[in-house]
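Asks: I would like to see how this sequence folds:
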Amino acid sequence: MQRHESRDRTLARAPMSRALLTSSLPSYRSMMRRVVRRSLARSLCTSIRGTPYAELSIGVPKETAALERRVSQTPETVGKLVKEGFTVRVESGAGAAASFSDSAYAEAGAQLTDRAGAFSASLVTKVTVPTPEEAKLVGDRMLLSFIFPAQNPELLEQLQAQKATVFAMDCIPRTLSRGQAFDALSSQANIAGYRAVVEAANEFGRFFAGQMTAAGKVHTPLPHPPRLPLLPRLLPPHTAPYRRLGRRLVTRRARGGRCRLPKCW
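Replies: Numbers count the residues shown, from 1 in each chain. The predicted model follows:
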């Protein structure tokens, strides 16, 4: 009896509706926790002010690494960034090796500029690890690129000395659901594996499996399809080119030994 009277006195002191007066004490405490969280979130949002997208620029320099044909932004992604309010600066000829013309970038809303203009943006996006000269052009601004910190400690020290803000695409954890959309390692490995299969088929110069034609059957020149090593981190979708060419797949475990993939692969 005393517990109910104490609860009624506690609820009566708070300025709330009659519906809440009839609720239980645990519900009241839960409601107060939600109110406190909302007030804290509102105070944090008002105290931390970000930079509007219209005041930010994104730079797309041309890749200078040997045999590198990729580019950090395509005309499609540039159009999406411009739609959100960003200013995108693309170095002239940045997408030429990837079959993206300067006119395509201009039609998407990008500003064509020189190398210095691309590196002077608020956020510089790259594909390959920046050279010391490229890192110097970034200054104390933001950089989004592959970094591989363990393999490039000197570059990491240089960027830290410059007080640059760096987002390493290779260090984003794939285990998080929200981080899977930023995974750039598997997608690039998939493309590289597919290209490797096509190049190997061209160098081999023969059929990997028997072919049936109107003139007759073309037998496989080898008694068994060639066995090809398979990287252990490749997933089944990445091995589709191997299967289509009738190859026999052999993979190696991370701790040594050899295991064959199932026939369904």
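Asks: pLDDT weak spots in the stretch 101-250 of the chain?
Replies: Low-confidence segments of the stretch 101-250 of the chain (pLDDT under 70): 208-210, 219-250.
Asks: in it, which spans are strands?
Replies: For the stretch 101-250 of the chain, applying DSSP state E, counting those that start in this stretch gives strands covering 111-113, 123-125, 142-145, 165-168, 211-213, 216-218, 227-230, 248-252.
Asks: What is the burial count for the closest residue to residue 180 other than its chain neighbours?
Replies: The shortest distance from residue 180 to any non-neighbouring residue, by Cβ to Cβ, 6 or more residues apart in numbering, is to residue 174 (6.0 Å). In short, each C-beta sits where N, CA and C put it, glycine included. If you count neighbours by other Cβ atoms under 10 Å, residue 174 ends up with 11.
Asks: Verify the stated contact: residue 174 with residue 183.
Replies: Yes. In terms of Cβ atoms under 8 Å, residue 174 counts as a neighbour of residue 183; the distance is 5.1 Å.
Asks: host element of residue 34?
Replies: helix 25-47 (DSSP states H and E).
Asks: ok, now which ones touch residue 83?
Replies: Each residue near residue 83 by Cβ atoms under 8 Å, 6 or more residues apart in numbering is listed here: residue 109.
Asks: ok, and it, which helix or strand is that part of?
Replies: In this structure, residue 83 sits in helix 75-84 according to DSSP H and E.
Asks: Who are the packing partners of the very next helix or strand once past that helix?
Replies: Note on helix 75-84: by DSSP H and E, the next helix or strand toward the C-terminus is strand 87-91. Helices and strands touching strand 87-91, by 3 or more Cβ pairs under 8 Å, 6 or more residues apart in numbering; DSSP states H and E, are strand 57-60, helix 75-84, helix 102-108, strand 111-113, helix 115-119.
Asks: If we use 6 Å, what do you get?
Replies: With contacts taken as 3 or more Cβ pairs under 6 Å, 6 or more residues apart in numbering; DSSP states H and E, strand 87-91 sits against strand 57-60, helix 75-84, strand 111-113, helix 115-119.
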